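Participant: This is a predicted model, with the sequence first.
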Amino acid sequence: MARRIHAKSVSDEFLAHSNEEQGHADQIAARMVQLGGEPDFAPNSLSQCSHTEYIAGDSLADMIMEDLVAERIAIDSYRALIEHLADQAPTTSQMLKGILAVEEQHADELADLLEALLS
Ligand SMILES: [Fe+2]
Ligand SMILES: [Fe+2]
């Protein structure tokens, strides 16, 4: 879909974000293993546990908007987790703060893309 005028920069950004999201999943899975847990990568479990839902979007602007909504939900979820874990799990909380900073950057970049696309 990402084919029109700003499509190249948007698809580059989507790819960069996607790679960073994969990195977050790997970081979190590694931490689970360190704590003696077992990460569950089954697609069904992942979509059931997700805080966001997948919405395709009919236009490039729609796609970016849906992605921005998902980033903002992720930001709220990470903030709540960080607050919850602060005292009892400082190492995990520290890791999540690093992830949160990247999600905030994603949201900023998507908001900028949307503004450029709609202006
Ligand atoms: Fe992420
Ligand atoms: Fe993100």
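Facilitator: Yep, that arrived. These figures come from a predicted structure and were not determined experimentally. Ligands and ions are numbered 1, 2, ... in the order given.
Participant: Name the nearest residue to the residue in the chain positioned nearest to ligand 2, sequence neighbours excluded.
Facilitator: Evaluated by C-beta to the ion, the chain has His106 as its residue closest to ligand 2, separated by 3.6 Å. Quick note: C-beta positions are derived from backbone N, CA and C, even for glycine. Nearest non-adjacent residue to His106, counting by C-beta to C-beta, 6 or more residues apart in numbering: Glu71, 4.8 Å away.
Participant: show me what contacts the one you found?
Facilitator: Each residue near Glu71 by C-beta atoms under 8 Å, 6 or more residues apart in numbering is listed here: 103, 106-107, 110.
Participant: just the buried members of the residues you listed?
Facilitator: Using 16 or more other C-beta atoms under 10 Å as the burial test, these include 103, 106-107, 110 as buried.
Participant: residue ranges with poor pLDDT in the chain?
Facilitator: Within the chain, the segments meeting pLDDT under 70 span 1-5.
Participant: Can you show me the helices along it?
Facilitator: Counting by DSSP state H, the chain forms helices over residues 7-34, 43-49, 60-85, 90-118, given from the N-terminal end onward.
Participant: out of those, which comes closest to ligand 1?
Facilitator: helix 7-34 (3.6 Å).
Participant: what about that closest one and ligand 2, touching?
Facilitator: No: for helix 7-34 and ligand 2, the contact criterion (C-beta under 5 Å from the ion) is not met; the two come no nearer than 5.5 Å.
Participant: in that helix, what's buried?
Facilitator: Residues 10, 13-14, 17, 21, 24, 31 are the ones in helix 7-34 that count as buried (16+ other C-beta under 10 Å).
Participant: which among those are in contact with ligand 1?
Facilitator: Residues of the buried residues of helix 7-34 in contact with ligand 1 (C-beta under 5 Å from the ion): 21, 24.
Participant: Is it possible to get the buried residues of helix 7-34 out as a markdown table so that each row also shows distance to Ile55?
Facilitator: Compiled in a markdown table, the buried residues of helix 7-34 are given as follows (distance: C-beta to C-beta, whole Å):
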| residue | distance to Ile55 |
| --- | --- |
| Val10 | 17 |
| Glu13 | 18 |
| Phe14 | 15 |
| His17 | 16 |
| Glu21 | 16 |
| His24 | 20 |
| Arg31 | 29 |
